[in-house]
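*Asks:* Need a 3D model of the sequence below.
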Amino acid sequence: MADERTLTIRRIKTISVFQIVAAGTFCSLIPFALLMGVFALFGANTVSWNARPIKGIAGLFASPLVGVFIAAIFTAIGGGGLAFGLWLYSKLRPLKLRVIEERPQSPG
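*Replies:* Numbers count the residues shown, from 1 in each chain. Sure, this is the predicted structure:
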């Protein structure tokens, strides 16, 4: 069973912000890039590098690498901006987060 409660946070560490942003971008963009790689396998111009489309099996193998590259760029830019914005917000007031915590399960 899970418990919901509200946490009042004065400041979030920058590494935590980057971990949250990285988890979101990597878990969403890499599967999308793999889907585009499947389309490239069948001849669509969905994967490109240096303004050149990559098709066929090369597109399928290049798509996760392109996905990782794009996710890393988004994490760096988005995480930096988000960390800066949260730092500014922390100067005004504390942040309130609603979290759901797991209760430890009793054996038996």
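*Asks:* which helix of this protein spans the most residues?
*Replies:* Counting residues, the longest helix found in the chain (DSSP state H) is helix 56-92.
*Asks:* low-confidence ranges in the chain?
*Replies:* For the chain, the stretches with pLDDT under 70 are 1, 108.
*Asks:* ok so, going back, and the longest helix of the chain, what does it pack onto?
*Replies:* helix 14-41 (3 or more Cβ pairs under 8 Å, 6 or more residues apart in numbering; DSSP states H and E). In this view, the C-beta of every residue, glycine as well, is placed from N, C-alpha and C.
*Asks:* Tell me the buried residues in the helix it packs on?
*Replies:* Across helix 14-41, burial judged by 16 or more other Cβ atoms under 10 Å covers 17-18, 21-22, 25-26, 29-30, 33, 36-37, 39-41.
*Asks:* and if you look at stretch 57-66?
*Replies:* 59, 60, 62, 63, 66.
*Asks:* Which one of the buried residues of helix 14-41 is nearest to residue 97?
*Replies:* Nearest to residue 97 among the buried residues of helix 14-41 is residue 17, at 12.7 Å by Cβ to Cβ.
*Asks:* Now do the nearest residue to the closest one once chain neighbours are set aside against residue 7, distance only.
*Replies:* Among residues not flanking residue 17 along the chain, residue 83 sits closest, at 4.4 Å (Cβ to Cβ, 6 or more residues apart in numbering). Separation of residue 83 from residue 7 (Cβ to Cβ, to the nearest Å): 18 Å.
*Asks:* Then residue 100?
*Replies:* 11 Å.
*Asks:* So between these two, which is more surrounded?
*Replies:* residue 7 (11 against 8; other Cβ atoms under 10 Å).
*Asks:* Enumerate every residue touching the more buried one.
*Replies:* Residue 7 sits next to 96, 97, 98, 99 when contact means Cβ atoms under 8 Å, 6 or more residues apart in numbering.
*Asks:* same thing with residue 38?
*Replies:* For residue 38, counting by Cβ under 8 Å, 6+ apart, the contacting residues are residue 60.
*Asks:* Same check on residue 60?
*Replies:* Under the criterion of Cβ under 8 Å, 6+ apart, the neighbours of residue 60 are 37, 38, 40, 41.
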